[in-house]
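Participant: show me the folded form of this:
(chains A and B)
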Amino acid sequence: MNLVSTLYVMALSGCAVAAVAALLAPPRARLHLAGWCTAGAGGLGVAAGVAAVMSFGSSWSAWLPELLPLAGVRLAIDPLGGVFIAVTGVVAVCAAIYGIGYCDHGLDGRVFQSVLPLFVAAMLLVPAAASVSTFLLAWELMAVSSLLLVLAEHRRRAAVGGAGLWYAVMTHLGLVTILIGLVAFAAGAGGESFEQLRAAALSPAARTVVFLATFAGFASKAGIVPLHVWLPRAHPEAPSHVSALMSAAMVNMGVYGVVRVGLDLLGGGPAWWWLLVLAAGAASALFGILQAVVASDLKRLLGYSTTENLGLVLVGVGAAGFFAASDQLVLAALALAAALLHVVNHAAFKTVLFLSAGSVLHATGTRDLDALGGLRTRLPYTTAVFAVGALCASALPPGNAFVSEWLLLQSLIHALPGSGVAGAVTMPLAVAVIALSAGLAVATFVKAFGVGFLARPRSAEAERASESPPTMLGAMALAVAGCVALALAPTLVVPALGRAVGVVFPGRDVVSGELTLRLAGVSGMISPLLIAIALLAAVVAVLGLVRVTASRRARRAARLWDCGAGPMSARMEYTATSFAEPLQRVFDDVLAPESDVDVTPTKESTYLVERVRFHARVPDRIEHRLYDPLIAAVSAVGRAARGLATGSVHRYLGYGFWALTAALIVLVVLW
Amino acid sequence: MTGVVGAVLQVIVVGVGSPLLVGVMRQVRARLEGRAGAGVLQPWRDLRKLMRKEPITPRGTGWVFRAAPLVLAGTALVVAAVVPLVTTASPLDGVADLFAVTALLALGSVALALGALDTGTAFGGMGASREMTVLALVEPTILVSVFALSIRAGSTSLGSIVTATVEDPLSVISPVSVLAAVALAIVTIAETGRIPVDNPSTHLELTMIHEAMVLEYAGPDLALIEWASAMRLSVLLGLLASLFFPLGIAIADAGVLALLVAVIALVVKVGLLGVLLSVGEVFMAKLRLFRVPELLAGSFLLALLAVAASFFLA
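Facilitator: Predicted structure coming up:
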C-alpha cells in the first residue's frame, strides 16, 4: 500500500460510510452525517488524485479477483486519472457541504441521501478503472446513480419525469455504444485489462470501429452536439448540487474516456478521427453558447454553457490528436494541457455557478431570469459568488477560463507551418469558433448576472428573497476560493497537468515559469497574476485621481433620471428575453425562433378582442429536427406492431412455430 | 529601463492627449459641416466641469453601478501602459499579449454594460444589450486577424509583432497585412462606437449604443467614463498605427531621444488617423443596428482571407 492507494481506498470507504449512514441515521442527523462524510470522502479523493498526479510513491495498481465473478476488479491510478479524480473530489466536497443546507426542504429522504455518495464513489472509480469490465461497471453505476438523483423531485414537478426519461435513454444508448466499442477492442486484443489493450495490434478498420463507437458514447456523456439533448433537460430539473456534480464532474468523464481510449489505449490514430473530434467540439461550442444566450431559464442556460465548454475542451483534445498525427508533439502536448486545464477551470466555475443558481432557487423558488432581478440587496453573498462565477465563465481576465482559452488559442495559432492543408483550413476556423463562442459567452453571462441579480425585482418572489443558510454559503465560498486560486496562480496547476499529459505524450514540458506562464517549445507567455495586479493598481490609481481632483461634496442619492420620464415600474426593465433579442435576430437562421399570436375575440363578435397573447420561444433545433422525427418513427413502428399482439394464444403459438421453422431453414441454407 | 519610462510616457500621453484627440476630431467635423466648433480644448473643459459637480447615485442602484466607471478607466489605463505605442519594450510583458489586451478592453465594456443594467431603466438595458451584441460579433474578427498577424512574428505578443514589422517594414504591404488592417480598422470603429456603427454625438435616439448606457451617470462618474472612452479610442487608433505603420517606435534599449521622437510620431500618427476618421464620419450616415452585423461579418471574412493568404504566401 502506498500513499495513493491508502488515500483512494479511504475515499471510497468514506463514500460507503456516508451511504450507510444516510440509510441508518435518524432523519434529523441524516443530512449532517451523510453530508460531512461525503465531503470527507471527497477531500480524501482530492488528496489521492493530487498524490497520483505528483506521483508521491510509485503509481498504483491493484487486482481484486474475488470482488467480481469471472473478471475481477482491476484498478490503477496514473496522473491522467488522478487529475479527474482530484476534480471530482473537489466538486464533491463543495456539493456535499452545500447539500446539508439545500436538502432541508424535502430532499432529506433516505434513498436520495444514500445514492449521492454512491454517485461520488462511481465518479471516483471511473478514472481508476484499469480493465474493460471494471470500467463499464463503474460507468453504469455512475449512470444509474445519477439517474436516481435527477429523479429526486419527480413528485413536485412533472417536467422531472420527462427529463429523467431522456437522460435514461441517452445515457444507456451511450453505454451500449461504449460497450460495443470496448468489447470489440478486448476481443481483438485477446484480453481485457488496459495493459493488454495498449499492447494490442488491431487492424486499422477495427481500430476505427472501436474509436467511433466509444467516441459516440463518451460524447453523449460530455453533452456534445448532437447527443447533448439530455443535458439541458436533466441539469435544470435535478437538485442544484446534483446539477453541479453532473455538470462539473460527471461530464468530464466523457472527456476522460476520449483521451483514455483514443490517445492512450489506441495510441492516437489517423488525422481524420481527431478532426472529427475537433469538429464535434467546435459545433457544440457554438450551438451550446447560442442556445445559452437566448435561454431565460437560469439553470438551462448553465446547462447549455456546459455543452459549450466541453465543446471547447474537445476542440483541444481533437487538436492534440491531430497534431500528434502530424508529428507536432510539442503542440499536441500543449493542446492537451489546455484541454485539461479547461476541464479543471470549467469544473471550478460551473460548481460556483450551479451552487449560486441553487441558492437563488432556494430563496425565490424560480429559475426564470425574467422573473428575477434585484437580488443584489437581498442575497448579497450569492450575488457576489455568482459575479465571480460569471466573470470566470465569460473568459475575461482576471478569470480562470481566460487562461485556459488563451492556452488553447496559443496551441492552435502556432499550428500553421507544416500541418498541411487540413491544418491550414481547420485551425483558423477553430480559432474563429473559439473567439465567437467567447464573445457570446460574455453576452450570456452579462445577461445572466445583469438581469438576474441587478436592477430591481421583477416579481414578488424575487422581492421576498432571503439569504441561504451558512452551509450553502460556506460551500460556495470554498468553490469561489478554488476559482480565484486557479485564476491567479494557474502556474501551480499547469505543471501538474503536464504530468498528466505525459501519460499520453511522454517527455514533454508544456510550460515553465513561476508567476508567468511561459510556453515551452513555442513563444508565448502570459501572467494572470500580473494582469490582476495591474488592473487593481490602475483602479486604485483612478480612485485616487478622482479623490484628488473631484469636488469634495458628499455623494447624494437621487431619483433615477430615466430621461425625465415618470417613476419606473419593474415591468419597464429589460428582461433576459429582450436582452438577447438582437443576438437572436442576428442568428435567426441558426436558432429558428418560433413566435405565435393567439387572439381571443369577445363572444359573438369578430372585432372586439378579449385577449391577445404573444408566445415566443427558441426551441432546441437539433432536438426538433433530429430527435422528434426519430421518436415519431419509433412510436409509429410501435403502433403498427400492436396489431401483431391480439391476445390470441393460437396466434402466438403460430408465431413460435413459424419463427422456429424460419430459423431452421436459415441455418440449413447458410451453414 | 526604456520599458518603464516608455510605459509611463504612454500612460501620460494617452491620458492627457486623448481628450485633445476627441477635441480635434470634433473640430474637424465642425469645420467640414460649416460650423465654428467648440475648440480643441473643449473636452478637457467638459471634464473639469463634470469633476466639480456633486456625485450623484440614482436610487435603486448598487455597487456594480458605482464600480463600473472605475473598472472602465482602469482597463483603459492598463491597456495604455502595455500596448506598444511609444516603445516595444513593455515592463509588463506577461500582459502585453494581443489576446489579453482585447480581453481587457472587453472587460471594460462589460463593466459599463453591467452598470447600465443595474439602473434598471429601459435605456440602460437597451444599450447594454446592443453593446454586448456588437462585442460578441467583434471578438472573432479581432482574434482571427491576430492569428494572421502573429504568424509572421511567431508570437501573439504585441511587442514581438511590432518589432518584426520594424525590422522588415516592407512586410506591411503584403496581402496578409492589408486584409488584416482593413478588418481591424472596421473592428476599431465598432469597438470605439463611431459612425457607422454608433454615433457618439447623439442623445435620446433609439439607434444609440454607448450613450444609452451612460445616461444615468453624472458628475465625476460621467467624467471618468468620458475620459476612459477617449482613452480607448486613442489606444485603439494607436494600436492600429503601431501594428501597420510602426515608424518611429522606440525599440528596446533605445535612448531618451528615441523615446521623445516616438512620442511625437505617436501624436502625429494618431492625430492623422483621428482626422481621417472624423472626415469619414462627415460623409457617412449611421447604419441601422441590424445592418451592423453584416458589416462585422464582412470584416470577419477579410480576417479569414488574411489567414488564408498568410498560408498560401508562407
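Participant: mind checking the SS state of the closest residue to residue B:266 other than its chain neighbours?
Facilitator: Distance criterion CB to CB, 6 or more residues apart in numbering or on different chains; nearest residue to residue B:266, sequence neighbours excluded, is residue B:85 at 5.3 Å. (C-beta placed from N, C-alpha, C; glycine too.) Under DSSP: H, G, I helix; E, B strand; the rest coil, residue B:85 falls in the coil class.
Participant: so for residue B:85, what's the pLDDT?
Facilitator: Note for residue B:85: predicted pLDDT of 90.
Participant: that one: neighbouring residues, count only.
Facilitator: If you count neighbours by other CB atoms under 10 Å in any protein chain shown, residue B:85 ends up with 31.
Participant: now it, what are its backbone angles?
Facilitator: Backbone torsions for residue B:85, taken as degrees, to the nearest 10, come to phi -100, psi -40.
Participant: that one reaches residue B:12, doesn't it?
Facilitator: No - Residue B:85 sits out of contact with residue B:12 when judged by CB atoms under 8 Å, with a separation of 11.2 Å.
Participant: what does the stretch 201-314 of chain B have sitting close to chain A?
Facilitator: With CB under 8 Å from any CB of the partner chain as the criterion, the stretch 201-314 of chain B meets chain A at residues B:204, B:215-216, B:219-220, B:223-224, B:289-290, B:293, B:300, B:304, B:307-308, B:310-311, B:314.
Participant: so residue B:15 makes contact with residue B:231?
Facilitator: Yes - applying CB under 8 Å, one finds residue B:15 in contact with residue B:231, separated by 6.6 Å.
Participant: which one of those two is surrounded by more residues?
Facilitator: Per other CB under 10 Å, whichever of residue B:15 and residue B:231 has more neighbours is residue B:231, with 26 against 18.
Participant: ranges for the helices of the stretch 401-550 of chain A?
Facilitator: Remark: helices assigned in the stretch 401-550 of chain A by DSSP state H, counting those that start in this stretch are A:420-453, A:460-463, A:470-488, A:490-504, A:528-549.
Participant: pick the most buried one from these.
Facilitator: Among the helices of the stretch 401-550 of chain A, ranked by average contacts under mean count of other CB atoms under 10 Å in any protein chain shown, first place goes to helix A:420-453 (a mean of 25).
Participant: please determine whether that one lies in contact with chain B.
Facilitator: Yes - with CB under 8 Å from any CB as the criterion, chain B is reached by helix A:420-453 at A:424, A:428, A:431-432, A:434-436, A:438-440, A:442-443, A:446-447, A:449-451.
Participant: pull the number of nearby residues for residue A:204.
Facilitator: 9.
Participant: next one: residue A:624
Facilitator: Residue A:624: 12 neighbours (other CB under 10 Å).
Participant: nearest residue to it in space, please, no chain neighbours.
Facilitator: Nearest to residue A:624 is residue A:592, by CB to CB, 6+ apart, at 7.9 Å.
Participant: who touches the residue nearest to residue B:266 in this structure?
Facilitator: Counting by CB atoms under 8 Å, 6 or more residues apart in numbering or on different chains, residue B:85 touches B:10, B:13-14, B:235, B:238-239, B:242, B:249, B:266.
Participant: relative to helix A:420-453, how tilted is the helix ranked longest in chain A?
Facilitator: In chain A, assigned by DSSP state H, the helix with the most residues is helix A:329-364. With axes from the mean of the first three to the mean of the last three CA atoms, to 10 degrees applied, the angle from helix A:329-364 to helix A:420-453 works out at 20 degrees.
Participant: appreciated, that's everything.
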